[in-house]
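>>> next comes the sequence, and after it the predicted model I'd like to discuss.
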Amino acid sequence: MKTFHPFFIIGTFGIILTAIMHIIFALLFEIISAHSIFFTLYPTFIAFLILGTAIIFKKEKESPTL
């Protein structure tokens, strides 16, 4: 089984959970300030996802092919 870097896992689950929470908050609350926290959460988890993906590709590139 292929193992993923923890940054990739954090980024993936972070984006999924943030999107679900954002949809729920958008449906429940009509206040604009309730959505402002998501402007910092999305870039944070996207950065984790990009770093994790880059590290995975770097490890695959360095590993010898069979």
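That came through fine.
>>> wait, F4 touches T53, no?
No - F4 is beyond contact range of T53, at 9.4 Å (criterion: CB atoms under 8 Å). The C-beta positions use only the backbone N, C-alpha and C, and glycine is treated the same way.
>>> these two - which one has more neighbours?
Taking other CB atoms under 10 Å, F4 and T53 do not tie; T53 has more neighbours (16 against 13).
>>> leaving aside the residues next to it on the chain, what's closest to that one?
Of all residues not flanking T53 in the chain, F8 sits nearest, at 6.1 Å (CB to CB, 6 or more residues apart in numbering).
>>> what does L41 give?
Take L41 and drop its neighbours on the chain: the residue closest to it by CB to CB, 6+ apart is T18, 4.8 Å away.
>>> picking that back up, just checking, the residue nearest to T53 touches I56?
Yes - if you go by CB under 8 Å, F8 and I56 touch, sitting 6.1 Å apart.
>>> quick one: pLDDT of I15?
Per-residue confidence at I15 stands at 95 (pLDDT).
>>> how much space between the residue nearest to L41 and I37?
Counting by CB to CB, to the nearest Å, the gap from T18 to I37 is 9 Å.
>>> check contacts around the residue nearest to T53.
Under the criterion of CB atoms under 8 Å, 6 or more residues apart in numbering, the neighbours of F8 are F48, L49, G52, T53, I55, I56.
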